[in-house]
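Enquirer: next come a sequence and a model predicted from it.
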Amino acid sequence: MSVKINCLNPIAKCGMELLPDTYEVTDNFADADAVLVRSASMHDLELSDNLLAVARAGAGVNNIPLDKCAEKGIVVFNTPGANANGVKELVVAALLMASRDLVGGYNWVKDNAAEADIAKMVEKQKKNYAGNEILGKKLGVIGLGAIGAKVANVALKLGMQVYGYDPYVSVDAAWGLSKDVKHITNVEDIYRDCDYITVHVPALDSTKGMINADAFALMKDGVKILNFARDVLVNDEDMKAALDSGKVAKYMTDFPNPAIAGYKNVVAFPHLGASTAESEDNCAVMACKEIKAYINDGNIKNSVNYPNVNMGQCSDVARVTICHKNIPNMLTQFTGVFSKKGGNVSGMISKAKGDYAYSILDIGVEPTADDIAELSAIEGVVKVRVIK
Ligand SMILES: NC(=O)C1=CN([C@@H]2O[C@H](COP(=O)(O)OP(=O)(O)OC[C@H]3O[C@@H](n4cnc5c(N)ncnc54)[C@H](O)[C@@H]3O)[C@@H](O)[C@H]2O)C=CC1
Ligand SMILES: O=C(O)CCC(=O)C(=O)O
């Protein structure tokens, strides 16, 4: 079996090395069985019928057409938590940079580096770059997933009072959260009470533009906003008005766009959150393991558009995997294809996620081309694959 992998962004070597020798890298997207991607947008790409899987080496999947992939039986993975520490550390830097004018001070020294009496000059200049401490200040964390929970915990260690809001928090994330994080059930309390607000939610229809004029109206004057999640979470025009009026003292973001890059009191970075050697390695390793488990054995872990399913390795003559719609009577039809010719189904698993489902059948006979055609013709079946 030869498997063709296309990388839409560079993926760390330590991940690629985990792929067996039977895998080869292709530059041709249309030819690929599996795709590895970081932030490259896939929305305008034509998805071929041979494409089986996409692994996002990272957390956010707003660059991938998830529904289109599900409809074509393309399983999309991400790497939950693999870059969370990298982002957390950059958010800590941003919290400090929002409080002390490190950029202004640094630029002043650079501009005056040739002055012979620079050591004396700084003592006069430093008042222009004075700031405040974060100790005792209130930090609101919106979204307590892999990144938000880490940010909340470290902010407590830095002596901040931390308010956390996440109506959908996972059990795992909640276990990792310090009990000293104040549990907020209405996001407006975060807007009203906090000196710093940091957003760590995915870009969804329900979260786009959530930091807007209505939210600013509730906030304290001089609030500092941190956005290391996605630019679309913030309404740029409302942010510019809030910066102009002094409602927002600093907007720290990892997502510059033409509207806010270079705007007064905006400190923007070029999407650096996950750009550490450690995060890149963690994401690459997790993404490549997910691809290998799916391509070789049909098992799904960390998919965002199909359910997680694990049936180990095939211990019978063949394994058939089926991506299908989550509708009644599918399993009877699948087993019927083999049972009517006396083929035993020795193992079977089926799980659903939203409108789609995924089934694995281990069978005691070699499936024929007719069997596969019959399975594929069942209404609601999206993709059928024979693994062994
Ligand atoms: N700057 C960068 O380089 C990076 C940015 N990101 C961005 O950060 C986001 C979060 O990443 P992770 O923490 O790893 O994801 P995650 O999936 O672990 O956490 C997201 C959390 O947001 C919560 N949430 C969803 N809707 C919400 C709402 N309306 N209000 C409050 N909470 C809500 C979820 O319940 C979940 O707990 C990603 O979706 C991505 O957009 C992620 C990694 C790197
Ligand atoms: O640098 C990257 O790969 C992007 C990281 C990111 O934004 C994410 O994981 O959601």
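Expert: Yep, that arrived. Ligands and ions are numbered 1, 2, ... in the order given.
Enquirer: do a quick rundown of the strands in the stretch 151-300 of the chain.
Expert: Remark: strands assigned in the stretch 151-300 of the chain by DSSP state E, counting those that start in this stretch are 161-165, 182-183, 196-199, 223-227, 248-253, 266-268.
Enquirer: pLDDT on the last one, on average?
Expert: Same thing as strand 266-268. If you average the pLDDT over strand 266-268, you get 98.
Enquirer: can you give me the end-to-end span of stretch 347-362?
Expert: 5 Å (CA to CA, to the nearest Å).
Enquirer: roughly how far is it from the heart of the chain?
Expert: Distance, stretch centre to chain centre, for stretch 347-362: 24 Å (CA atoms, centre = their mean, to the nearest Å).
Enquirer: what does stretch 269-284 give?
Expert: The answer for stretch 269-284 is 12 Å, by CA atoms, centre = their mean.
Enquirer: do the same with stretch 312-321
Expert: 31 Å.
Enquirer: who's in contact with it?
Expert: Residues outside stretch 312-321 that contact it (CB atoms under 8 Å, 6 or more residues apart in numbering) are 297-299, 311, 334, 344, 346-347, 358-367, 372, 375, 384-388. Glycine gets a C-beta too; all of them are placed from N, C-alpha and C.
Enquirer: just to be sure, Thr335 is in a strand?
Expert: No - under DSSP: H, G, I helix; E, B strand; the rest coil, Thr335 falls outside any strand and is assigned helix.
Enquirer: so it makes contact with Leu361?
Expert: Yes - in this structure Thr335 lies within contact range of Leu361 using CB atoms under 8 Å: 7.2 Å.
Enquirer: would you pull up the residue in the stretch 101-250 of the chain closest to ligand 1?
Expert: Gly145 (1.7 Å; CB to the nearest ligand atom).
Enquirer: identify the residues contacting that residue.
Expert: Contacts of Gly145 by CB under 8 Å, 6+ apart are Asp166, Val169, Ser170, Ala173, His200, Val201.
Enquirer: what's around whatever residue of the stretch 251-388 of the chain ends up closest to ligand 2, how many residues?
Expert: Per CB to the nearest ligand atom, Ala274 is where the stretch 251-388 of the chain lies closest to ligand 2, at 3.7 Å. Using other CB atoms under 10 Å, Ala274 has 27 other residues around it.
Enquirer: now for it: which residues touch it?
Expert: Ala274 sits in contact with Arg38, Gly58, Asn83, Gly86, Val87, Glu280, Cys283, where contact means CB under 8 Å, 6+ apart.
Enquirer: so which of these reach ligand 2?
Expert: Arg38, Gly58, Asn83 (CB under 6 Å from any ligand atom).
Enquirer: so Asn6 is in contact with Ala40, correct?
Expert: No - taking contacts as CB under 8 Å, Asn6 lies outside contact range of Ala40: 10.8 Å.
Enquirer: so those two - more neighbours on which side?
Expert: Asn6 (19 against 13).
Enquirer: for the more buried one, helix, strand, or coil?
Expert: Asn6 is classified as strand under three-state DSSP.
Enquirer: domains in the protein, by residue range?
Expert: 1-83+274-305, 84-97+134-268, 307-388 (automatic domain parsing).
Enquirer: export those to JSON lines and tack on distance to Lys110?
Expert: Below are those laid out as JSON lines (distance: least, CB to CB, whole Å):
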{"stretch": "domain 1-83+274-305", "distance to Lys110": "23"}
{"stretch": "domain 84-97+134-268", "distance to Lys110": "16"}
{"stretch": "domain 307-388", "distance to Lys110": "51"}
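Enquirer: now do the contacts for Lys388.
Expert: Contacts of Lys388 by CB under 8 Å, 6+ apart are Cys314, Val317, Ala318, Arg319.
Enquirer: can you say which of the residues you listed are buried?
Expert: Cys314, Ala318, Arg319 (16 or more other CB atoms under 10 Å).
Enquirer: next step: those restricted to strands.
Expert: The members of the buried ones among the contacts of Lys388 that map onto strands under DSSP state E are Ala318, Arg319.
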